[in-house]
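**Q** Could you work out the structure for the sequence below:
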Amino acid sequence: MKALRWHGPKDLRLETIEEPKALPGKVKIKVEWCGICGSDLHEYTAGPIFIPASDPHPITGEVAPVVMGHEFSGRVVETGEGVTRVQAGDRVVVEPIYACGTCEACRKGKYNLCEKMGFLGLAGGGGGFSEYVTAEDYMVHKIPDSISYEQGALVEPSAVALHAVRQSKLKVGDKAAVFGAGPIGLLVIEALKASGAAEIYAVELSPERKAKAAELGAIVLDPKEFDVVAELHARTNGGVDVAYEVTGVPPVLTQALESTNIGGELMIVSIFETEAPIMPNRIVMKERTVNGIIGYRDVFPAVISLMDQGYFPADKLVTKRIGLDEVLSEGFETLLKEKNQVKILVKAE
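**A** Numbers count the residues shown, from 1 in each chain. Here you go, the predicted model:
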């Protein structure tokens, strides 16, 4: 079968590899659609970050080259011995987190913080940029017929957004700001709507992404037009309750922090490639808090339920659909060059 494998930074290769087998405890899935994630782009341009480049991953035992892709949907074609949660023909998505199950975080139920944590599609075990993939039984979630396969490919990134809002102190009726209206930022806007935020501001430069944020119901502020910190304080009578940083750009981190009110919260959703200094007095003098999330936990069923109600709509978030043969030129490279793109889905065929 065809599969996209990471060999090194700027070295992704579409190769022919052996089709995976439905071993005991595993579910074999015919991949339908797979989204290109910001994490995939980071691995492409500046990796390895999560990919085991030299030493085998402690859970998968694999080392690069590895198949990429962790935001995908598909159809079960075969189940291994002992699998009870799904059967052939089921429409599914995969929660791609590997966790050891024994470390302190896992014992506390916070498996996304596992000291050995990895992602299917980054740490080995196959990936969604392929024709077929196998996943552990516990990773697989059924989706109803009302949710398309395209929509299903958005469950994983939507889980990041919903987990970010759930882990923040946002309450119904609060005001929030989202710094960065890329794919995750737009999904955070949707998660805030579902969580009852009264006012949602989006801080973004890209005209196309500003339009998407507005389409989703956010009040858009362009940093080229406003001193966004002053503007947010003016519009909210003292600052937002929670600011979500979704750019990974160091100066934006300070902006997001300062946009919050007395006792406000900064929620960091980005992965940063460089250090980002913050003056501690900006936190201390306003008794603000700073929080962060990585991935998600125990949230896929809620995301699927919200999608069934119309949240996280694929028709407003997917900007391009391509085939597996086009994944490099029309996928990764396009996302690097065209900032108007939001989510590109890849059809596995």
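**Q** contacting residues around the residue of the chain most remote from its centre?
**A** Relative to the mean C-alpha coordinate of the chain, counting by CA atoms, centre = their mean, the farthest residue is Met285 (32.8 Å). By CB atoms under 8 Å, 6 or more residues apart in numbering, the contact set of Met285 is empty. For every residue, glycine as well, the C-beta is placed using N, CA and C.
**Q** do you know how far it is from Val27?
**A** From Met285 across to Val27, the span is 52 Å (CB to CB, to the nearest Å).
**Q** The most centrally placed residue in the chain: what's it in contact with?
**A** Most central in the chain under CA atoms, centre = their mean is Pro157, positioned 3.1 Å from the mean C-alpha point. Each residue near Pro157 by CB under 8 Å, 6+ apart is listed here: 35, 37, 71, 183-184, 187, 343.
**Q** Return the subset of those residues lying in strands.
**A** Per DSSP state E, strands hold the following members of these: 35, 71, 343.
**Q** where's Ile322 relative to Glu333, distance?
**A** On the measure of CB to CB, Ile322 and Glu333 end up 11 Å apart.
**Q** higher neighbour count, these two?
**A** A count of neighbours by other CB atoms under 10 Å puts Ile322 above the other of Ile322 and Glu333, at 17 against 13.
**Q** Hmm, Lys343 and that one touching each other?
**A** No - counting by CB atoms under 8 Å, Ile322 does not reach Lys343; the two are 11.7 Å apart.
**Q** From Val77, how far out is the residue nearest to the centre of the chain?
**A** On the measure of CB to CB, Pro157 and Val77 end up 25 Å apart.
**Q** Do a quick rundown of the helices in the protein.
**A** With DSSP state H as the criterion, the chain has helices at 38-46, 104-107, 149-152, 155-167, 183-194, 207-215, 228-236, 250-258, 281-284, 300-308, 314-317, 333-337.
**Q** Report the mean per-residue pLDDT for the fifth one.
**A** If I follow you right, that is helix 183-194. For helix 183-194, mean pLDDT rounds to 97.
**Q** which strands and helices sit next to it?
**A** helix 155-167, strand 175-179, strand 199-203, helix 207-215, helix 314-317 (3 or more CB pairs under 8 Å, 6 or more residues apart in numbering; DSSP states H and E).
**Q** What's the local residue count around Tyr138?
**A** Tyr138: 13 neighbours (other CB under 10 Å).
**Q** For the closest residue to Pro24 other than its chain neighbours, grab the count of nearby residues.
**A** Once flanking residues are discounted, Pro24 sits nearest to Glu81: 4.2 Å by CB to CB, 6 or more residues apart in numbering. By the criterion of other CB under 10 Å, Glu81 has 9 neighbours.
**Q** ok, now Ser54?
**A** Neighbour number of Ser54 under other CB under 10 Å is 7.
**Q** From Gly248, how far off is Ile49?
**A** Distance from Ile49 to Gly248, by CB to CB: 12 Å.
**Q** and for the two, which residues touch both?
**A** With CB under 8 Å, 6+ apart as the test, Ile49 and Gly248 both reach Ile271.
**Q** The two: which has the busier surroundings?
**A** Each of Ile49 and Gly248 has its neighbours counted (other CB under 10 Å); Gly248 has more, 19 against 12.
**Q** Skipping adjacent residues, who's closest to that one in space?
**A** Ser270 is the one closest to Gly248 (CB to CB, 6+ apart), at 3.7 Å.
**Q** Looking at that neighbour now. What's its pLDDT?
**A** 91.
**Q** for it, phi and psi?
**A** Ser270 adopts backbone torsions of phi -80, psi 160, taken as degrees, to the nearest 10.
**Q** OK, contacts around it?
**A** 180, 245-248.
**Q** just Ala213 next, same as before
**A** 178, 181, 185-186, 189, 202, 204, 220.
**Q** try Val242
**A** Here Val242 is in contact with 168-170, 174, 176-177, 260, 264-267 (CB under 8 Å, 6+ apart).
**Q** Give the buried subset of those as a PyMOL selection command.
**A** Here is the PyMOL command that selects the buried residues among the contacts of Val242 (16 or more other CB atoms under 10 Å):
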select buried, resi 168+170+174+176+177+260+264+265+266+267
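**Q** Going by distance to Arg5, which of the contacts of Val242 wins?
**A** Met267 (33.9 Å; CB to CB).
**Q** surely that closest one meets Ala161?
**A** No - contact criterion CB under 8 Å: Met267 and Ala161 do not qualify, at 10.9 Å.
**Q** hmm, back to that, which of the helices and strands packed on helix 183-194 sits most buried?
**A** For the helices and strands packed on helix 183-194, average neighbour numbers computed from mean count of other CB atoms under 10 Å are highest in strand 175-179, which has a mean of 30.
**Q** Flag the shaky bits of the chain, pLDDT-wise.
**A** Applying pLDDT under 70 to the chain flags no residue at all.
**Q** What's the end-to-end length of stretch 337-349?
**A** 25 Å (CA to CA, to the nearest Å).
**Q** which parts of it are buried?
**A** 341-348.
**Q** give me every residue that touches Ile283.
**A** 257, 289-290.
**Q** got CSV for those, with neighbour count too?
**A** Shown next, in CSV, are the contacts of Ile283 (neighbours: other CB atoms under 10 Å):
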residue, neighbour count
Leu257, 23
Thr289, 15
Val290, 17
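**Q** I'd like to know which of the contacts of Ser270 is nearest to Pro144.
**A** Pro144 has its nearest neighbour among those in Val246, at 28.8 Å by CB to CB.
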